[in-house]
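In: attaching a predicted model along with its sequence, questions to come.
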Amino acid sequence: MKPDDLKDLILSLTQDIVFEYKGKNACINPWNANKIEVGYGDDIKTYTDINDVMNDKFYCGKSLVEIAETLDID
(Lines give C-alpha, C1' and ligand atoms only; values in the text may rest on other atoms or scores of the structure.)
Protein backbone atom coordinates (compact mmCIF):
# COMPACT_ATOMS: atom_id res chain seq x y z
CA MET A 1 0.00 0.00 0.00
CA LYS A 2 1.37 3.40 -0.91
CA PRO A 3 1.92 5.81 2.00
CA ASP A 4 -0.76 8.21 0.74
CA ASP A 5 -3.27 5.35 0.50
CA LEU A 6 -2.48 4.33 4.09
CA LYS A 7 -2.88 7.94 5.21
CA ASP A 8 -6.28 8.12 3.45
CA LEU A 9 -7.34 4.84 5.07
CA ILE A 10 -6.45 6.16 8.52
CA LEU A 11 -8.28 9.44 7.90
CA SER A 12 -11.37 7.62 6.62
CA LEU A 13 -12.03 6.76 10.30
CA THR A 14 -13.84 3.59 9.20
CA GLN A 15 -11.72 0.90 10.83
CA ASP A 16 -8.84 0.04 13.09
CA ILE A 17 -5.79 -0.91 11.05
CA VAL A 18 -3.91 -4.01 12.17
CA PHE A 19 -0.64 -5.37 10.82
CA GLU A 20 2.58 -7.10 11.82
CA TYR A 21 6.03 -5.60 11.34
CA LYS A 22 9.30 -7.31 12.25
CA GLY A 23 7.54 -9.90 14.40
CA LYS A 24 5.50 -7.45 16.48
CA ASN A 25 1.79 -6.74 16.26
CA ALA A 26 0.76 -3.19 15.47
CA CYS A 27 -2.50 -1.31 15.35
CA ILE A 28 -3.69 2.15 14.40
CA ASN A 29 -6.90 3.30 16.05
CA PRO A 30 -8.21 6.51 14.50
CA TRP A 31 -10.74 7.95 16.97
CA ASN A 32 -11.07 11.14 14.94
CA ALA A 33 -8.82 13.33 12.79
CA ASN A 34 -7.22 14.83 15.92
CA LYS A 35 -6.84 11.70 18.05
CA ILE A 36 -5.08 8.70 16.56
CA GLU A 37 -3.74 6.00 18.87
CA VAL A 38 -1.10 3.60 17.66
CA GLY A 39 0.37 0.54 19.25
CA TYR A 40 3.45 -1.44 18.37
CA GLY A 41 4.42 -4.37 20.54
CA ASP A 42 4.02 -3.09 24.10
CA ASP A 43 4.36 0.61 23.18
CA ILE A 44 1.41 2.95 22.71
CA LYS A 45 1.33 6.55 21.48
CA THR A 46 -1.43 9.05 20.82
CA TYR A 47 -1.10 11.64 18.08
CA THR A 48 -3.08 14.76 17.22
CA ASP A 49 -1.79 15.14 13.65
CA ILE A 50 -1.81 12.61 10.82
CA ASN A 51 1.59 13.81 9.58
CA ASP A 52 3.12 12.90 12.94
CA VAL A 53 1.51 9.44 12.68
CA MET A 54 2.99 8.92 9.24
CA ASN A 55 6.48 10.31 9.93
CA ASP A 56 7.30 9.22 13.50
CA LYS A 57 9.98 6.50 13.44
CA PHE A 58 7.92 4.42 15.90
CA TYR A 59 8.28 1.04 14.16
CA CYS A 60 11.80 -0.28 14.88
CA GLY A 61 13.25 3.09 13.87
CA LYS A 62 11.12 3.35 10.72
CA SER A 63 8.09 5.49 9.94
CA LEU A 64 4.84 4.42 8.31
CA VAL A 65 5.91 6.35 5.21
CA GLU A 66 9.01 4.15 5.02
CA ILE A 67 7.29 0.79 5.66
CA ALA A 68 3.81 1.26 4.16
CA GLU A 69 4.56 -0.61 0.95
CA THR A 70 5.82 -3.66 2.88
CA LEU A 71 2.75 -4.01 5.10
CA ASP A 72 0.00 -6.58 4.68
CA ILE A 73 -3.04 -4.72 5.95
CA ASP A 74 -6.33 -6.60 6.31
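Out: Ah, there it is.
In: the helices in this protein, which residues?
Out: Along the chain, counting by DSSP state H, helices occupy 3-11, 50-55, 64-67.
In: other SSEs contacting the first one?
Out: Using 3 or more Cβ pairs under 8 Å, 6 or more residues apart in numbering; DSSP states H and E as the contact criterion, the secondary-structure elements in contact with helix 3-11 are strand 17-21, strand 24-32, helix 50-55, helix 64-67. All C-beta spots, glycine's among them, are computed from the backbone N, C-alpha and C.
In: next, the buried residues of it.
Out: Across helix 3-11, burial judged by 16 or more other Cβ atoms under 10 Å covers 3, 6-7, 9-10.
In: on that earlier part again, output the helices and strands packed on helix 3-11 as a markdown table; include the columns distance to residue 42.
Out: Formatted as a markdown table, the helices and strands packed on helix 3-11 follow (distance: least, Cβ to Cβ, whole Å):
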| stretch | distance to residue 42 |
| --- | --- |
| strand 17-21 | 14 |
| strand 24-32 | 9 |
| helix 50-55 | 19 |
| helix 64-67 | 19 |
